[in-house]
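K.L.:
need a 3D model of the sequence below.
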Amino acid sequence: MKKIFNVVKEFIMITAATAIVAAAVFFFLIPSHVSVGSISGLAIVIGNFISLPISAITMILNVGLLIIGFLFIGREFGGKTVYTSILLPVIIGIFEKIFPDFTSINEDPLLDMICYVFVVSIGLSMLFNRNASSGGLDIVAKLMNKFLYMDLGNAMFVSGMVVAVSSALVYEKKIVVLSILGTYLNGIVLDRFIFGSNLKKRVCIVSKKEEEIRNFILHELHSGATIYEAYGAYTMESQKEIIAIVDKNEYAKLMTYIEKEDPTAFVTVYTVNKIIYRPKI
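P.N.:
Residues are numbered from 1 along each chain as shown. Next up, the predicted model:
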C-alpha cells in the first residue's frame, strides 16, 4: 500500500508541475508571442503558418519527437516523459477552451517573458527533482548528444536558441531579442531553482593552525571534515589538508575564522551541487 501511495503521490506532483508549466505557456508565453526556447515556443511560431490551436501543434510536435526518440534512442525516456509530453498540450487545450479570447495580463512582452521564466522554472524544477521532464526539446537534446556527440547542456542551449531565433520568421526585432534573452535567462533561473537550494561549498584548507581550524569546524560549526596527508611538490614536506562541506552560513563563518586565525592559510573553494551520504548504522 505504501508503494502504491508513493506512486500516486509522485504522479499527482508531476501532474501539478505540468499544470504550472502549461499555465506559464498559456498565460504569459502565448499572449506575448515571445518564443522562449521550448517546444511550446516553436508551436507559437508555427501557429502563424498553420491554423491550428497552439495546444494541437504542441501535441503533434511532442508525439512526433517521442516516436523519433523511441526509434533512434530507445526506451530510456520512461513513462514520466511520455505522460508529461501528452499532458502538457492537453492542459493548454483546456485553458484554450476556458479562456478562448485571452490576452496579455501585463500588456507588455518584456513583463510577460519575465513572468513566464519564473513561473515555468517552478514547474520544471518540480519535474526535474522527480526525475521527469516536459519532453520536447529534451528529446532533441538527447538526439544531438547521441549523433553529434554534444554535451546535453550545450545541446539544450543550442536547440533552445534555434527556437528563439526562429521567431525572426514572423515577428519584429523586439520579439526576437526578447525570445533570445528569455531563453538565456530561463536557463540561469532554472539552474538556480534546481540547484540553488542545495548548493554547498567544498573548502580545502592547508594551514599551520590545522588543529584549531579542525576544532572550529567540529565544535563551532558542528560539521564534519576529512583530513588528508599532503606533500608540497617543491619541498616534499608533509602537511595536513582539511576538507569540509559547508552551507552558505557555515562557509561565511569558516572563512571569517580562517582569515582571523591564519591569514596565510592556503584555501581553495569549490561549489557542490549534490551530496549523497548514507550514515553507517
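K.L.:
contacts for stretch 170-180, please.
P.N.:
With contact meaning C-beta atoms under 8 Å, 6 or more residues apart in numbering, stretch 170-180 is reached by 32-37, 41, 45, 48-49, 109-110, 113, 161, 163-165, 167-168. Backbone N, C-alpha and C define where each C-beta goes, glycine included.
K.L.:
among these, which ones are buried?
P.N.:
32-37, 41, 45, 109, 113, 161, 163-164, 167-168 (16 or more other C-beta atoms under 10 Å).
K.L.:
can I get the helix or strand bottoming out on mean pLDDT in the chain as CSV, trimmed to CA atoms?
P.N.:
Least confident helix or strand, the chain: helix 137-147 with a mean of 83, by mean pLDDT, DSSP states H and E. Taking Å, rounded to 0.1, in the frame of the first residue of the first chain, the C-alpha atoms of helix 137-147 are listed here in CSV:
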residue,chain,number,x,y,z
LEU,A,137,13.5,19.8,-26.5
ASP,A,138,14.8,17.3,-24.0
ILE,A,139,14.4,14.6,-26.7
VAL,A,140,16.0,16.9,-29.3
ALA,A,141,19.0,17.4,-27.0
LYS,A,142,19.4,13.6,-26.5
LEU,A,143,19.4,13.1,-30.2
MET,A,144,22.1,15.8,-30.6
ASN,A,145,24.0,14.1,-27.8
LYS,A,146,23.9,10.7,-29.5
PHE,A,147,24.6,11.7,-33.1
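K.L.:
for the helix or strand following that helix, buried residues please.
P.N.:
Under the assignment DSSP states H and E, the closest C-terminal helix or strand after helix 137-147 is helix 152-166. By neighbour count with 16+ other C-beta under 10 Å, helix 152-166 contains the buried residues 155-161, 163-164, 166.
K.L.:
got the end-to-end distance for stretch 210-230?
P.N.:
Taking C-alpha to C-alpha, to the nearest Å, stretch 210-230 runs 13 Å from one end to the other.
K.L.:
next, the buried residues of that stretch.
P.N.:
Neighbour count says stretch 210-230 has 210, 213-214, 216-217, 221, 223, 225 buried, by 16+ other C-beta under 10 Å.
K.L.:
show me where pLDDT drops low in the stretch 101-250 of the chain?
P.N.:
Along the stretch 101-250 of the chain, segments meeting pLDDT under 70 span 152-153, 194-198.
K.L.:
what about 90?
P.N.:
101, 103-107, 121-157, 186-201, 222-224, 230-239, 247-250 (pLDDT under 90).
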